[in-house]
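J.: only geometry, no sequence info:
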């Protein structure tokens, strides 16, 4: 659900704008809207989430209506329309992962971080959520962390503890 | 030991680089196709090979190519479908991670065959590491004159780009993928017109799965006739199988189509049997959308003959006693797995992934999830079981795209084969929370009579 948050206007760095231009050059003239999904990924990597002012700026860059950006950002599951922790642990919760213990891993993460699915820890470092099949079923259970979408495979409660501690000390 | 066409060199150190890939014979197919064959001759070889779409539908690739409209002055596009999201399937991720040039080479040859000068690889957004691997491989190929203007001095131009998705299973459906590539929500289009006539930006477009495109390389190297000699009947060539669930050695395996299912599950060359010394209860042979089968029907037909890993053999018996090869996502369930819980899990997945365009799917997948949830958590009624069958029937065939069918089939098949386990959840609401129904008689060879009863119920 798209909820408008009161946020400060965002400033796109010249590096970010250059990346947008490069992406737009990949499509035929007049078809620059194709760059929308890639650019939203850049925006989220830069700002940590996809805010309304950021989406408005994307609309301006692509010369499309803001609603065309909102409807896309709210359709796809990867774009966060609310602020999240610095590290969002996304655990696969679909069938094959559950056959080898994904549900236990999610419970463990919930207890370890002390926040419910989708919430942010007090220090602002972590969020977690269950996501649908990540196409890594042979290495289950798995989780990923954006914006690089690094994969952590064959999870155990111990390996999750190590991962969270490492991220905390980073 | 089966022949390997795609993964032959997968363990060679550095095979992800252009240099090593070329040392192992890589980009021979580009040289051969661009320098010695016409585009039509490439299409002809692919037709002869009998290659069938490796994404799940199994439609002959050469035939799909031959439908491409070629109006004067209109660009044509090849789009690779790397939106791998079917639960149980992870072969494309594997191929792109370890041997990205196999896909790039296939894209060059296939784009040449179709007369495309701009092609896109649409990769699901979660696979950012793979996107980076592909972009690096594309840069290497471009520096070596294998992409860009005037490739290898042949006068053929091709620009190849990688496009990330945004996290949506539905974008694996080819028209939803094209919508997404145009920067829109992934709502499947009404067909006709098919993409071969009006696809990306309204231009003629072919959408092929990663593995299908990679398979074009050995087909051009060895000839379509040679490729067609591998496999069995109309299931030619090799297939990547993603094996997951309760197996000793889950992972990606390249098999020659026609391998007995029993050998695939239990031999040490492949999955090595069921993990932790347990017994096999059931399998989903081709990704979560295909019907689930109990162990006995997985290994053998109702008449007792061995079942093979091929398009025809896996679907032998129709939906009464068979399933489908699908995407080759092979999920094994051991004796302690709960079929009701797994069916609920899959239904939640389809509910989450329904794009919401068609009412039967948007509403029906939600009902399936809710009713299965109450059965799994001990609040179900006996009539819920037939209610599920009824809802599934009303979704199936009534939607624009196959997601509706994909949501209905797992539920219908689970009830068809494991009805006693669903009933046990109603009769024993407490016990079903604390323990498992177990193996029951699913591994016992099926009596012929019993199967005929099932058939008549479903007819």
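T.: That came in fine, so what should we check first? These numbers come from a predicted model, not from an experiment. Numbers count the residues shown, from 1 in each chain, chains lettered A, B, ... in the order given.
J.: what about the strands in chain B?
T.: Counting by DSSP state E, chain B has strands at residues B:77-82, B:118-123, B:159-164, B:205-209, B:231-232, B:235-236, B:238-245, B:251-256, B:259-260, B:280-284, B:292-294, B:308-309, B:329-334.
J.: in the sheet, which strands lie alongside the third one, parallel or antiparallel?
T.: What that stands for is strand B:159-164. Partner strands for strand B:159-164, per DSSP bridges, with pairing direction: strand B:118-123 (parallel).
J.: from the middle of its chain, how far away would the strand it pairs with be?
T.: Its chain's C-alpha centre lies 18 Å from the corresponding centre of strand B:118-123 when counted by C-alpha atoms, centre = their mean, to the nearest Å.
J.: what's the angle between it and strand B:205-209?
T.: Per axes from the mean of the first three to the mean of the last three C-alpha atoms, to 10 degrees, the angle that strand B:118-123 makes with strand B:205-209 is 40 degrees.
J.: what distance do you get for residue B:145 to residue B:28?
T.: Applying C-beta to C-beta, to the nearest Å, one obtains 15 Å for the distance of residue B:145 from residue B:28. Where you see a C-beta, it was placed from the backbone N, CA and C, and this is true even at glycine.
J.: check residue B:334 too.
T.: Counting by C-beta to C-beta, the gap from residue B:334 to residue B:28 is 44 Å.
J.: quick check: the residue of the stretch 51-200 of chain B nearest chain A.
T.: Among residues of the stretch 51-200 of chain B, the one nearest chain A by C-beta to the nearest C-beta turns out to be residue B:166. It sits 2.9 Å away.
J.: for residue A:94, which non-adjacent residue is spatially closest?
T.: Counting by C-beta to C-beta, 6 or more residues apart in numbering or on different chains, residue A:94 lies nearest to residue A:133, which is 4.0 Å off, once chain neighbours are set aside.
J.: wait, I meant residue B:189
T.: Here the residue nearest residue B:189, using C-beta to C-beta, 6+ apart, is residue B:175, at 3.8 Å.
J.: now for that neighbour: which residues touch it?
T.: Counting by C-beta atoms under 8 Å, 6 or more residues apart in numbering or on different chains, residue B:175 makes contact with B:188, B:189, B:191, B:195, B:401.
J.: count residues in the vicinity of the first one, would you?
T.: Look at residue B:188: counted by other C-beta atoms under 10 Å in any protein chain shown, it has 22 neighbours.
J.: measure residue B:429 to residue B:310 for me?
T.: Here the distance between residue B:429 and residue B:310 works out to 42 Å (C-beta to C-beta).
J.: check residue A:164 too.
T.: Spatial separation of residue A:164 from residue B:310 under the definition C-beta to C-beta is 45 Å.
J.: where do the helices of chain A begin and end?
T.: Remark: helices of chain A, listed N- to C-terminal, are A:14-24, A:36-47, A:52-62, A:66-75, A:95-99, A:102-113, A:157-168; assignment by DSSP state H.
J.: mean neighbour count, those helices: which tops it?
T.: For the helices of chain A, average neighbour numbers computed from mean count of other C-beta atoms under 10 Å in any protein chain shown are highest in helix A:95-99, which has a mean of 28.
J.: torsion angles phi and psi at the closest residue to chain B within chain A?
T.: Closest to chain B within chain A is residue A:76: 2.9 Å, counting by C-beta to the nearest C-beta. Backbone torsions of residue A:76, given as degrees, to the nearest 10, read phi -90, psi 140.
J.: just give me the neighbour total for it.
T.: Using other C-beta under 10 Å, residue A:76 has 21 neighbouring residues.
J.: and residue B:405, by the same measure?
T.: 17.
J.: show me the contacts for the closest residue to it other than its chain neighbours.
T.: Of all residues not flanking residue B:405 in the chain, residue B:396 sits nearest, at 5.3 Å (C-beta to C-beta, 6+ apart). Each residue near residue B:396 by C-beta under 8 Å, 6+ apart is listed here: B:404, B:405, B:408, B:409, B:412.
J.: thinking again about what came up before, residue B:165 is in contact with the residue of chain A closest to chain B, correct?
T.: Yes - Residue A:76 sits in contact with residue B:165 when judged by C-beta atoms under 8 Å, with a separation of 7.3 Å.
J.: joint contacts of the two?
T.: Taking C-beta under 8 Å, 6+ apart as the contact rule, residue A:76 and residue B:165 both touch A:37, B:125.
J.: may I see the ChimeraX selection of the buried members of the contacts of residue B:175?
T.: Of the contacts of residue B:175, the buried ones can be selected in ChimeraX as follows, counting by 16 or more other C-beta atoms under 10 Å in any protein chain shown:
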select /B:188,189,195,401
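J.: take the contacts of residue B:175 and write them to TSV, including distance to residue B:112 and pLDDT.
T.: Shown next, in TSV, are these (distance: C-beta to C-beta, whole Å; pLDDT from 0 to 100):
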residue	distance to residue B:112	pLDDT
B:188	29	98
B:189	27	97
B:191	27	94
B:195	19	97
B:401	30	96
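J.: excluding chain neighbours, what is closest to the residue nearest in space to the middle of chain A?
T.: Closest residue to the average C-alpha location of chain A: residue A:78 at 4.8 Å, with C-alpha atoms, centre = their mean. Beyond its immediate neighbours in the sequence, the residue positioned closest to residue A:78 (C-beta to C-beta, 6+ apart) is residue B:167, lying 3.6 Å away.
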